[in-house]
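Chemist: Sequence plus predicted model, see below.
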There are 2 protein chains.
Amino acid sequence: MTTHFVSTNFTQGMAFTADINGHKVLMDTTADDGGADSGPSPKRLMLAALAGCTGIDIVSILDKMKVPFSHFSIDVHASLSNEHPKTYKLVKMRYKIKVSEEDKIKMGKAVTLSQEKYCGVYAMFKAFAKMDTEIDFIG
Amino acid sequence: MTTHFVSTNFTQGMAFTADINGHKVLMDTTADDGGADSGPSPKRLMLAALAGCTGIDIVSILDKMKVPFSHFSIDVHASLSNEHPKTYKLVKMRYKIKVSEEDKIKMGKAVTLSQEKYCGVYAMFKAFAKMDTEIDFIG
């Protein structure tokens, strides 16, 4: 069984620095919540992880399918519950990408493969949130 | 209802950059998975989010309780499932902190309050993983 390890240290104010295999990520809260906004909030970092996980899958799958692409981005909009603990309830993912007309179906397949088979972060999100997907083809 | 928004762009190789309220976070995969290891992997970023969320809660609660502390860190060890999609199944959190002898009980209460009431990331993790907690008092 594979185990992942992350060490996180309090720095100052409300800020923490995570050490992820040598990569440092600073986290903080916004001024509204008593922080200095010196880094992203931990909760929003989960949305970055979601987009990064499925994005990396799709790049890998498109490469295997020999599908050239450009302008690839993923926007995530996530609605929080009103009561504490505040959790994401509805997560809307909007994939934007430029591929040739004949490769659009392959891009759809790559998104489905990531969401249903490979992306662990997506699978974890499905345990607590309703997921919604849209693909916008550019140009 | 509050909505969080994160935009994530493909950069090169397998790497993506997330824009979280103006804070940029680069994500990549390790060389074993075809990446250049130019940033943390998305999945491990979730463990940083977990530690950061509960850590920020605890700093805020200890401040309200007028409990001075130092050397505060949170280590997270998380075991992955063997099959795709690989998700975290058991997450061990080890809080390390230095507080005075008479404040140890308050630190225990702060951890419980974060995990049971305030930390949204912890609540989301509980939906898919078994959680385990340990508090180490230093010195």
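Modeler: Thanks, I have the structure now.
Chemist: Which element, helix or strand, includes residue A:131?
Modeler: Per DSSP states H and E, residue A:131 falls inside strand A:130-137.
Chemist: Give me the helices and strands touching that strand, please.
Modeler: strand A:88-98, helix A:104-113 (3 or more CB pairs under 8 Å, 6 or more residues apart in numbering or on different chains; DSSP states H and E). Glycine gets a C-beta too; all of them are placed from N, C-alpha and C.
Chemist: Tell me which of these sits nearest to chain B.
Modeler: Across the helices and strands packed on strand A:130-137, chain B has its closest neighbour in strand A:88-98 (6.8 Å, CB to the nearest CB).
Chemist: report the angle between the axes of the closest one and strand A:130-137?
Modeler: For strand A:88-98 against strand A:130-137, the angle by axes from the mean of the first three to the mean of the last three CA atoms, to 10 degrees is 10 degrees.
Chemist: elements contacting strand A:88-98?
Modeler: Strand A:88-98 packs on helix A:42-64, strand A:70-80, helix A:104-113, strand A:130-137, going by 3+ CB pairs under 8 Å, 6+ apart.
Chemist: still on that earlier bit, with respect to burial, which of the helices and strands packed on strand A:130-137 scores highest?
Modeler: Most buried of these by mean neighbour count (mean count of other CB atoms under 10 Å in any protein chain shown) is strand A:88-98; its value is a mean of 19.
Chemist: pretty sure residue A:114 is touching residue A:61, no?
Modeler: Yes - between residue A:114 and residue A:61 there is a contact at 6.9 Å, judged by CB atoms under 8 Å.
Chemist: With distance to residue B:48 added, can I get the helices and strands packed on strand A:130-137 in CSV?
Modeler: CSV is the format used below for these (distance: least, CB to CB, whole Å):
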stretch, distance to residue B:48
strand A:88-98, 17
helix A:104-113, 26
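Chemist: Got the domain ranges for chain A?
Modeler: Per the record, chain A has its domains at A:1-40, A:42-137, by automatic domain parsing.
Chemist: can you redo those as a markdown table with mean pLDDT?
Modeler: A markdown table is the format used below for the domains of chain A (pLDDT from 0 to 100):
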| stretch | mean pLDDT |
| --- | --- |
| domain A:1-40 | 95 |
| domain A:42-137 | 98 |
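Chemist: before we move on, the earlier item: what does the strand holding residue A:131 contact?
Modeler: Applying CB atoms under 8 Å, 6 or more residues apart in numbering or on different chains, the contact partners of strand A:130-137 are A:89-99, A:104, A:107-108, A:111, A:115, A:122, A:125.
Chemist: picking that back up, so which of the helices and strands packed on strand A:88-98 is the most packed in?
Modeler: Most buried of the helices and strands packed on strand A:88-98 by mean neighbour count (mean count of other CB under 10 Å) is helix A:42-64; its value is a mean of 25.
Chemist: and the angle from that one to strand A:70-80?
Modeler: 150 degrees.
Chemist: Without its sequence neighbours, what residue ends up closest to residue A:100?
Modeler: Among residues not flanking residue A:100 along the chain, residue A:68 sits closest, at 7.4 Å (CB to CB, 6 or more residues apart in numbering or on different chains).
Chemist: Isn't the one you found up against residue A:97?
Modeler: No - applying CB under 8 Å as the test, residue A:68 and residue A:97 come out as separate, 10.8 Å apart.
Chemist: Check the burial of residue A:69 by counting its neighbours.
Modeler: Residues lying near residue A:69 (other CB atoms under 10 Å in any protein chain shown) number 19.
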